[in-house]
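**Student:** sharing a sequence plus its predicted fold:
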Amino acid sequence: MLPADADDELRECRIRVHRAGPLSGEVVVPGAKNSVLKLMAATVLADGVYELTNVPNIADVGIMADLLRAIGLEVTLHPQNLVTIVNRGDLTPVAPYELVAQMRASINLLGPLLTRCGEVRISMPGGDDFGSRPIDMHVAGLEAMGAEFELTADYVAARVAGGGRLHGAEIMFDFPSVGATENVLTAAVLADGVTTIDNAAREPELIDLCELMVSMGATIDGIGTSRLQITGVDRGALHATNHETVPDRIQAATYIAACAVSGGEIDLLNAKVDHMQMVLSRFRDMGLGLGQLPNGIRVTSEGRLRATDIATLPYPGIATDYKPLIITMLSVADGVAIVTENIYPGRFKYVEELQRLGADIRTNGHHAVIRGVERLTGAHVVSHDIRAGAAMVVAGLAAEGETTITGVHHIDRGYDDLVGRLQSVGAGISRAGAG
Ligand code: UD1
């Protein structure tokens, strides 16, 4: 009989990938993880019944649903990518450790719960392991609005000093942090007076959150710019609403990368060119054909990719979340490229896995130098985080022989049926084992 851990190992879910011929067909791009989790958190702000559509079928949505239930909301995940949330106003502003530990975006409950309930306690967030992820900017922004914090190694607790409401403030971020902008923004919607956020993040998912809150009755000026001005309203002025989640630009880029290394032509329905201008421009430099469809993007890949230098930057720059995909594409491109990480310096963990497949990559600080090889070779690799896992799948498509990927639960956190969608366009991919 096998020892218990070997048995677990055999049962562990794995994805198997083979190099296949050119891809062809259509992929519908699901809603964005990095939007829907924030939309769900914002339903704490006002009572009523919400309907969120185009919600991706991913594990993190289930975790956020459980978090909202623990706080006192009723959440139902329906088929057809619909989620309904009922907020009856009876809220317990505590986010429990077992859930928060699984997902970084739990921190997005900080602003909505503090401004709605006057106090909040959230365990220190977990989620992807790509280095230190402090929340000092979230804290400084909310303190400027009248919050008092208690920070321990285990949790972050905050209350409105003196009771009552947070107040408006002028906030300037050193860096356009997505999460800090979201927490200050959501808190400011119910604060007393006007809040300005300078050097605000302006990712499409953040615009989606602003649009949800405007449809709830919030007053936000400068949406999509780096200066947001929020005029707080009374709680009674906000109401529940219906909202369609913005399509996921990172999932869209994953299918572009898959087509890039496999060859062929696929149509990405719902993908938004406007949200991906910079990365699409680099993909064109690498030799991909990218045409705009009435409702999506047509990707054409012929011949070998060309090496192109790339640096990650806050939006509208190239998102750090694209980087594992880009490095994988460059691993089989013609020539040498330098990729520079400006958002999360430690985010190169997956490089070791790519090296196991024969990629020629050297990292130094926040740079990676990639010398493209003709072909990768299949091996067993591990997915360490969501985007790295997707990159392993793409690498498997570029490799001779079989690539086996474990750590699949990371991929499931952010990808809605990656395997099924790739199978539907002809990729040699399957899933086996529990999970
Ligand atoms: C979000 C995304 C993540 C993406 C990242 C950058 C979600 C759930 N996650 O993460 O997928 O990779 O944006 O596009 O939407 N920082 C501080 N202090 C703070 C806050 C941030 O130093 O208080 C630093 C971080 O350590 C990091 C950089 O700022 O180096 C960017 O972080 P931020 O934009 O806040 O990313 P997240 O919102 O955590």
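**Tutor:** Perfect, thanks for sending it.
**Student:** quickly note the distance from residue 159 to residue 230.
**Tutor:** Distance of residue 159 to residue 230, computed by Cβ to Cβ, to the nearest Å: 21 Å. In short, each C-beta sits where N, CA and C put it, glycine included.
**Student:** show me which of these two is the more surrounded one.
**Tutor:** Counted by other Cβ atoms under 10 Å, residue 159 and residue 230 do not tie: residue 230 has more neighbours, with 26 against 18.
**Student:** which residues are contacting the helix or strand harbouring that one?
**Tutor:** For residue 230, the host element (DSSP states H and E) is strand 227-231. The contact list for strand 227-231 (Cβ atoms under 8 Å, 6 or more residues apart in numbering) reads 168, 181, 185, 188-189, 191, 193-198, 200, 210, 218-222.
**Student:** what pairs with it, parallel or antiparallel?
**Tutor:** Sheet pairing for strand 227-231, assigned by DSSP bridges, gives strand 194-198 (antiparallel), strand 219-221 (antiparallel).
**Student:** residues near residue 181, how many?
**Tutor:** Neighbour number of residue 181 under other Cβ under 10 Å is 27.
**Student:** report pLDDT for it.
**Tutor:** pLDDT recorded at residue 181 is 98.
**Student:** can you give me the angle the helix or strand where it lies makes with strand 227-231?
**Tutor:** Using DSSP H and E, residue 181 sits within helix 178-189. Angle of helix 178-189 versus strand 227-231, following axes from the mean of the first three to the mean of the last three Cα atoms, to 10 degrees, is 30 degrees.
**Student:** against which helices or strands is helix 178-189 packed?
**Tutor:** Helices and strands touching helix 178-189, by 3 or more Cβ pairs under 8 Å, 6 or more residues apart in numbering; DSSP states H and E, are helix 33-42, helix 110-117, helix 136-144, strand 194-198, helix 204-215, strand 227-231.
**Student:** 10 Å - rerun?
**Tutor:** Taking 3 or more Cβ pairs under 10 Å, 6 or more residues apart in numbering; DSSP states H and E as contact, the helices and strands that helix 178-189 lies on are helix 33-42, helix 110-117, helix 136-144, strand 170-172, strand 194-198, helix 204-215, strand 219-221, strand 227-231.
**Student:** alpha carbons of it, as CSV, please.
**Tutor:** Written as CSV, here are the backbone C-alpha positions of helix 178-189 (Å, rounded to 0.1, in the frame of the first residue of the first chain):
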residue,chain,number,x,y,z
VAL,A,178,-4.9,49.5,-7.1
GLY,A,179,-6.0,48.2,-3.7
ALA,A,180,-5.3,51.4,-1.7
THR,A,181,-7.2,53.4,-4.4
GLU,A,182,-10.1,51.0,-4.1
ASN,A,183,-10.3,51.1,-0.3
VAL,A,184,-10.1,54.9,-0.1
LEU,A,185,-12.6,55.3,-2.9
THR,A,186,-15.2,52.9,-1.4
ALA,A,187,-14.8,54.5,2.0
ALA,A,188,-15.1,58.0,0.6
VAL,A,189,-18.4,57.3,-1.1
